[in-house]
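Asks: Turn this into a model:
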Amino acid sequence: MDLLPSLIDQFDIRPHVFMPTELIGKSNKWDYSHLLFPCKHLNREEIRRLDEWGVEFGSHGHRHVDLRSLDDRQLFAELRHSKGILEDLLGKTVTRLSYPFGRTDARVARIAHSVGFTRGYTMKFPTGSDSHLSTGRIPIYGYDTSLSVRMKLSHGPWRQVEALKVAITNYLSGGTILLNTLRRQS
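Replies: Now for the predicted structure:
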């Protein structure tokens, strides 16, 4: 990780990390993909250090749930709580939100804006029709390689292959939603 500051300076890029705040420092056992890619989420000290190096942090919700499944009161509380934890940790305003599982709708975007988010990111690749609270992004996954990242950033046919892989991954994330729903009911 000590190489990161020099890479940020060398390439003048600002990586963005979207944190599900309830999971700070915990394992990714909430996601069925942990069977293939077991890991721990960043802890508080790692978040602070990365922030000092220029990494931008945004919210990924508090509990990493499909925000569309929450009523207005629950949704407001989920987003406000996550935003507050990150702002307290970083000592600055957090205005970016990556919707868990990339799933959003007009109601979620409206409430996100009322909480103070000015940017909301989905799991679709960026297009010309994106809005501030529904902006596509190019996700990087644990299975990505330097070649697949280059293909995602290209403008040729390989970008479309990568976009299809992202769409399939996003579709399959519904398995995590189902798994967590079943866990809550048992």
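
Asks: who's in contact with the nearest residue to residue 19 once chain neighbours are set aside?
Replies: Sequence neighbours aside, residue 60 is the residue nearest to residue 19 in space, at 5.5 Å (criterion: Cβ to Cβ, 6 or more residues apart in numbering). Heads up, the C-betas are built off the backbone N, CA and C, glycines and all. Residue 60 makes contacts with 18-21, 82, 97-98, 100, as judged by Cβ atoms under 8 Å, 6 or more residues apart in numbering.

Asks: rerun that using 6 Å as the cut-off
Replies: Taking Cβ atoms under 6 Å, 6 or more residues apart in numbering, we find residue 60 in contact with 18-20, 98, 100.

Asks: Equivalent analysis for residue 151, please.
Replies: Applying Cβ under 6 Å, 6+ apart to residue 151 gives the contacts 158, 162.

Asks: i'd like the first residue to be 473 from this point on
Replies: Fine by me, first position is 473 from now on; the one you just mentioned is residue 623.

Asks: List the buried residues in the helix or strand hosting it.
Replies: Using DSSP states H and E, residue 623 maps to helix 618-625. Within helix 618-625, the residues that count as buried by 16 or more other Cβ atoms under 10 Å are 620, 623-624.

Asks: Could you pick out the longest helix of the protein?
Replies: Determined from DSSP state H, the single longest helix within the chain is helix 544-562.

Asks: Give me the next element, helix or strand, following it.
Replies: Per DSSP H and E, the helix or strand that comes after helix 544-562 is strand 568-570.

Asks: Tell me where the chain has helices.
Replies: If DSSP H is used as the criterion, the helices of the chain fall at 476-483, 516-524, 544-562, 578-587, 618-625, 629-644, 646-657.

Asks: can you tell which of the ones you listed is closest to residue 605?
Replies: Of all the helices of the chain, it is helix 578-587 that lies closest to residue 605, at 4.0 Å by Cβ to Cβ.

Asks: May I see the buried residues of that closest one?
Replies: 580-581, 583-585, 587.

Asks: Which strands and helices lie in contact with that helix?
Replies: Of the remaining helices and strands, those touching helix 578-587 by 3 or more Cβ pairs under 6 Å, 6 or more residues apart in numbering; DSSP states H and E are helix 544-562.

Asks: where does this structure have low pLDDT?
Replies: Scanning the chain with the threshold set as pLDDT under 70 gives 473-476, 502-507, 646-658.
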